[in-house]
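Q: everything below, folded, please.
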Amino acid sequence: MSEDENASEEYPTEIHDYLATFEKSLGSVDEMLKTMMSVSRSELLQKLDPLEQAKLDLVSVYTLNSMFWVYLATQGINPKEHPERIRTYMNKVKEITDKKKASRLDKGAASRFVKNALWEPNAENEHSSKTPAKGKKRQ
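A: Residues are numbered from 1 along each chain as shown. Predicted coordinates for the structure are as follows:
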């Protein structure tokens, strides 16, 4: 018997396609990890600003966490029973990124805009308009 025939006897044939897809996915992950590992971490971090460094660290941790999640599932352990704190930190980094993208208020420009938009009486206008207001009777 060939190795493929032995392997097909070990699991139900209905899941063969799923396992083949899973094996392809593992190959893709392996290639991606080899690419990431080919560059030294310190070399990579020097090229990134602190926020990008945090993002890289979170992606790395999230990937490891996902792999551990799969490992637990293959061992018959419910992964949902293990706490996941990575998502919390990812949300914090996303908030920081969103704050950087948000428009900022130029207080000086806003102050000038409001000041110029409001009417301010000056000395010339006060003296020239001595006519009484409409609707008021003279005494």
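Q: domain-wise, how is the protein divided?
A: Domain segmentation of the chain under the TED database yields 15-47, 48-100.
Q: between those, which one is closest to G108.
A: domain 48-100 (21.0 Å; Cβ to Cβ). All C-beta spots, glycine's among them, are computed from the backbone N, C-alpha and C.
Q: any idea which helix or strand comes after the helix or strand encompassing Y71?
A: Assigned by DSSP states H and E, Y71 belongs to helix 50-74. Downstream of helix 50-74, the first helix or strand assigned by DSSP H and E is helix 86-101.
Q: for that following helix, packing partners?
A: Helices and strands touching helix 86-101, as assessed by 3 or more Cβ pairs under 8 Å, 6 or more residues apart in numbering; DSSP states H and E, comprise helix 50-74.
Q: what packs against the helix it packs on?
A: helix 41-46, helix 86-101.
Q: out of those helices, flag the one nearest E14.
A: Closest to E14 of these is helix 86-101 (Cβ to Cβ; 33.5 Å).
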